[in-house]
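Engineer: my questions concern the predicted model and sequence given below.
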Amino acid sequence: MKHTVLALCVKRKICGPIGAALKNGAFRRHFFCMSGVFMKLSCSVPFRLLAVLGVWGLVGCQMQPVSVEGVGVPPPAKAPVTQGASDRIVIEAPMVWGGEVRCFAKGECRFVLVEHEEGKVVLHQLNGRTSRQLDRQPVAYHPDSAVWLSDTLVAAAVEATGSLDIFRVEGGRLVRVHQAPVGFAPRDVILVSASQGQYKMLATPYSGKEVAWIDWHEDNRQAAASKKVRWCEAPWHPTRVNKIPGTQSGGFAVACLDDRKVVAVSDSDLLATPRVLATFGAIARHARPSPSGQWLYVALETGARNARINMQSGELQYIQSPLTGSVAVAPLSDDLVVWAEDGKMYLQRLDADAKVLETRWIKTSGFSTGLQLIDLDGDGERDLVVLNSVDAVVDVIYGPIWDRAAERL
């Protein structure tokens, strides 16, 4: 259904935010409900009169007298945008489908992200609790994710070109140095390994069953090599795990949206057929391991529950959700987890059997489909970077995260 609607949307050249919302699985957004209400109201005479008065008032507000002092003087540099309290900031960036923060020194980090509909790869400098954009470079239609390969190299997954576009950071600028073909339209890219200028990456598709392991040399001595393997349908947001049930090694795991399962492959044979760790009756949207690696938490879109998998025994536990479900997850510890949804996150403290002991809430600025825990300001507390895929800003919430959360919204 989502692909059919999107195809019609693209064919009629009206995709924009609505198409992106459908494509990113934001089915519970209120785009269509609100649009319907607006169109229905706009048909009434009182509403049209109200609209005229509203426009008149807006024009009046914009024409209020202003001081002529400083006319012709450029406005001062825009200060970092803050959202209320000092425990968070927002970074202006529309429809961010993917990105990653990398920190180099205490309180000094850089943030690479992709603006999905704008077709841009963007670099920000984060210092303490402020953010400043350094550069913004165009790529082909629909970049979906971005990751750091080293302190000076980033890779972005771009759908239209079916490639990983690799940039070097030079003096705060993004300089494209290579375009590695993937063989399909990639949704995600993650770094697998890096050693002496040699990089291995994993790319997974927006739709389809094949993933690609890509080897690239920084000096471009030869073209990047891609090896494709069949995994599952729509394997989004792969992650490294340090334990896999029934094996003596770690590897990589992923939630398969359309196959409604979680699979994993061992480091010992990355080209092997992946093992199925769990199958669900709802869409498995996102999977992330707890810090110790004991649990793999799985965000389920519907069913009013999420799940976690014991990565030693393989035991599957369900976790009651106060909402329909969730679209992203970030475990704070083995038994403390953050789930993300539309305009909000809920934090749950669990017991050994996954019974919910306590729930807290944090508001976000949009449809929150990506979460990264990292100490941004160097105070020893992990902070939370929240990517909002159908909205105009990224939220940065400073830790301690549990203490920032409220008992109710």
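Structural biologist: Everything's here; your move.

Engineer: partners of the residue nearest to Lys120 when sequence neighbours are not counted in the sheet?
Structural biologist: Leaving aside its sequence neighbours, Lys120 sits nearest to Arg136 (CB to CB, 6 or more residues apart in numbering; 5.2 Å). Glycine gets a C-beta too; all of them are placed from N, C-alpha and C. Following DSSP bridges, Arg136 is listed with bridge partners Val122.

Engineer: distance of Arg136 from Asp375?
Structural biologist: 26 Å (CB to CB, to the nearest Å).

Engineer: what do you get for Asp335?
Structural biologist: 21 Å.

Engineer: need the CA coordinates for the strand ranked longest in the chain. PDB is fine.
Structural biologist: The single longest strand within the chain, with elements called by DSSP state E, is strand 356-374. Extracted in PDB, the C-alpha atoms of strand 356-374 (Å, rounded to 0.1, in the frame of the first residue of the first chain):
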ATOM      1  CA  VAL A 356       7.100  -2.200  33.100                       C
ATOM      2  CA  LEU A 357       8.000  -0.800  36.500                       C
ATOM      3  CA  GLU A 358       7.900   2.900  35.600                       C
ATOM      4  CA  THR A 359       7.200   5.100  32.500                       C
ATOM      5  CA  ARG A 360       8.300   8.600  31.800                       C
ATOM      6  CA  TRP A 361       7.800  11.000  28.800                       C
ATOM      7  CA  ILE A 362       9.700  13.500  26.800                       C
ATOM      8  CA  LYS A 363       8.200  15.700  24.000                       C
ATOM      9  CA  THR A 364       9.900  15.900  20.600                       C
ATOM     10  CA  SER A 365       9.500  18.300  17.700                       C
ATOM     11  CA  GLY A 366       8.300  15.800  15.100                       C
ATOM     12  CA  PHE A 367       8.000  12.200  13.900                       C
ATOM     13  CA  SER A 368      11.100  10.800  15.700                       C
ATOM     14  CA  THR A 369      12.500   8.000  13.700                       C
ATOM     15  CA  GLY A 370      16.200   8.100  14.600                       C
ATOM     16  CA  LEU A 371      17.900   8.200  18.000                       C
ATOM     17  CA  GLN A 372      21.600   8.400  19.000                       C
ATOM     18  CA  LEU A 373      23.000   8.400  22.600                       C
ATOM     19  CA  ILE A 374      26.300  10.200  23.000                       C
END
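
Engineer: mind listing the helices for this structure?
Structural biologist: 2-11, 16-23, 31-42, 45-62, 401-404 (DSSP state H).

Engineer: just to revisit the earlier point, which parts of the longest strand of the chain are buried?
Structural biologist: 359-360, 362, 364-374 (16 or more other CB atoms under 10 Å).

Engineer: same thing with stretch 330-349?
Structural biologist: So stretch 330-349, judged by 16+ other CB under 10 Å, has buried residues 330-332, 334-342, 345-349.

Engineer: stretch 149-167 too?
Structural biologist: Quick answer for stretch 149-167 (16+ other CB under 10 Å): 149, 153-159, 161-167.

Engineer: sketch out the low-pLDDT regions of this structure for me.
Structural biologist: 1-85 (pLDDT under 70).

Engineer: and with 80 instead?
Structural biologist: Residues of the chain that meet the criterion pLDDT under 80 lie in 1-86, 107, 221.

Engineer: report how many residues lie close to Glu92.
Structural biologist: Residues lying near Glu92 (other CB atoms under 10 Å) number 13.

Engineer: re earlier: which of the buried residues of strand 356-374 sit farthest apart?
Structural biologist: Thr359 and Ile374 (23.9 Å; CB to CB).

Engineer: what residue is smack in the middle of this structure?
Structural biologist: By CA atoms, centre = their mean, the mean C-alpha position of the chain lies nearest to Gly370, the distance being 2.7 Å.

Engineer: is that residue in a bridge, and if so with what?
Structural biologist: Here Gly370, judged by DSSP bridges, has bridge partners Leu387.

Engineer: from what I can see Thr364 touches Leu387, true?
Structural biologist: No. Using CB atoms under 8 Å, Thr364 makes no contact with Leu387, being 9.8 Å away.

Engineer: rewinding a little: list just the nearest of the buried residues of strand 356-374 to Gln125.
Structural biologist: Closest to Gln125, out of all of the buried residues of strand 356-374 and judged by CB to CB, is Ile374, at 15.0 Å.

Engineer: distance of that closest one from Leu126?
Structural biologist: With CB to CB as the criterion, Ile374 and Leu126 are 10 Å apart.
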